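S.K.: Please find the sequence and the predicted model below.
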Amino acid sequence: MAKKLKSVFIVDDSAIERSMLTDHLSKNEGVEIKEFSSGESCIKEIVLGNVQEPDLILMDYFLETSPGSQKDGLEVLSKLKEICPSSQVIMLTSVSNDKIKELAKNKGALDYVVKSQVSYQQLDDAIQKHFN
């Protein structure tokens, strides 16, 4: 049985992408949305207990990181699944690579959506499939 979607974290280094996703997802009444510009900031807020674990995390594969840090979306995905295993993660990225998609699913991603003209519809379909 699908559970009700109450909270979504958006992890993307592009402020424009985060803003567009927030606008798109805000049509879902009662869903709390938080934005993070990096995987590290999202992980930090969860670990410090500053935020409740979300129902869903939408995350890009390419994430700008602080100097010296080499985290991509797969590394962040692994850490997120470790610290909040009940949160679902959908990779939402411009990377259309079957190997990365397979790795993401093996690391616990619920779905993998490639950014395109139809990606918001694909995202809505994935959310509807797994949440009510």
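M.R.: Right, received. Where do you want to start?
S.K.: Can you give the contact residues for stretch 17-24?
M.R.: By CB atoms under 8 Å, 6 or more residues apart in numbering, the residues outside stretch 17-24 that reach it are I10, D12, I33, E35, S37, L58, D60, L92, K115, Y120, L123. (Glycine included, C-beta is placed from N, CA and C.)
S.K.: Any idea how far it is from the middle of the chain?
M.R.: For stretch 17-24, the gap between its own C-alpha mean and the chain's C-alpha mean amounts to 12 Å (CA atoms, centre = their mean, to the nearest Å).
S.K.: just stretch 116-127 next, same as before
M.R.: 13 Å.
S.K.: thinking again about what came up before, ok, which pair from the contacts of stretch 17-24 is furthest apart?
M.R.: Spanning the widest gap among these are S37 and Y120, at 20.6 Å by CB to CB.
S.K.: Pull the contacting residues for the residue positioned nearest the centre of the chain.
M.R.: Geometric centre of the chain, nearest residue: L58, 1.7 Å, by CA atoms, centre = their mean. If a contact means CB under 8 Å, 6+ apart, then L58 has V8, F9, I10, V11, D12, L21, V89, I90, L92, L123 as its contacts.
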